[in-house]
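S.K.: Predicted coordinates and the sequence they were generated for:
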Amino acid sequence: MTDPKAEAPYVVTEPEFDEPSPHAWVADRVWRQRRQWSRFALENLRETELVGIGEEGSLAVPVTPELFARAPVAPVDPAAPVPPEGPLEAQQERLSTTREVGAEFAPTWWPVCCQRLVVLTLVNPTAGELADWERSHLPLSAEALDDLRYSGLWMGALEDVRAGREPCISFNVYQCHACGRIHARLAKYPKLASR
Ligand SMILES: [Zn+2]
């Protein structure tokens, strides 16, 4: 099987925006990198207009007790804002006014941990960006993914990035800035999943 993309180096070509994130739940780096179409594996969405704010709204979904128990914990940047604590309805309202970011437009599920929106901290990084992030957080592992049935796909995407290739599937990495837990989610899940 020949995939011309498989061996192509992963290079992000568009400039970053030069502005801080307006949302405590979107890391500055992710905000600056939005609309860098070459960052995303979603070929058919490149160079198209994004949908409007909240039109394809993300759903605020509390992490399960099982995921809370196994998610790896990493240091939180003390200078980074902590999203406000509050009921799920309030978190959902925040997402409805969040500009599109991430490896889905917008991410269909946005985890809620410690009664707060987790912070979207990494989206389809390049090899260098992933290495920098892992140095300041922790090496990403299978346990960070929200659905372990797809850990093979997740580890494959990480392997691609580490080897300098575009990931085989887009992914978002979040961190709860209250407890430090890392929550990773693939942009798309194969059809055998019921979600
Ligand atoms: Zn938490």
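M.R.: Alright, I've got the coordinates.
S.K.: who's in contact with the top helix by length along the chain?
M.R.: Looking across the chain with DSSP state H, the single longest helix is helix 151-162. Judged by CB atoms under 8 Å, 6 or more residues apart in numbering, the contacts made with helix 151-162 from elsewhere in the structure are 10, 124-127, 130-131, 140, 142, 145, 166-171, 184, 186, 190. Where you see a C-beta, it was placed from the backbone N, CA and C, and this is true even at glycine.
S.K.: Show only the entries of these found in helices.
M.R.: Using DSSP H, the contacts of helix 151-162 in helices are Ala127, Leu130, Ala131.
S.K.: so which of the residues you listed comes closest to Gly102?
M.R.: Sorting the ones in helices among the contacts of helix 151-162 by distance to Gly102 puts Leu130 at the head of the list, at 15.9 Å, by CB to CB.
S.K.: Now that that closest one has come up, it's in contact with Leu122, right?
M.R.: Yes: under the criterion of CB atoms under 8 Å, Leu130 makes contact with Leu122 at 7.4 Å.
S.K.: who has more neighbours, those two?
M.R.: Counted by other CB atoms under 10 Å, Leu130 and Leu122 do not tie: Leu122 has more neighbours, with 26 against 19.
S.K.: pretty sure that one is in a strand, no?
M.R.: Yes: residue state for Leu122 (DSSP: H, G, I helix; E, B strand; the rest coil) corresponds to a strand.
S.K.: correct me, but it touches Val173?
M.R.: Yes: here Leu122 lies in contact with Val173, judged by CB under 8 Å, at a distance of 3.8 Å.
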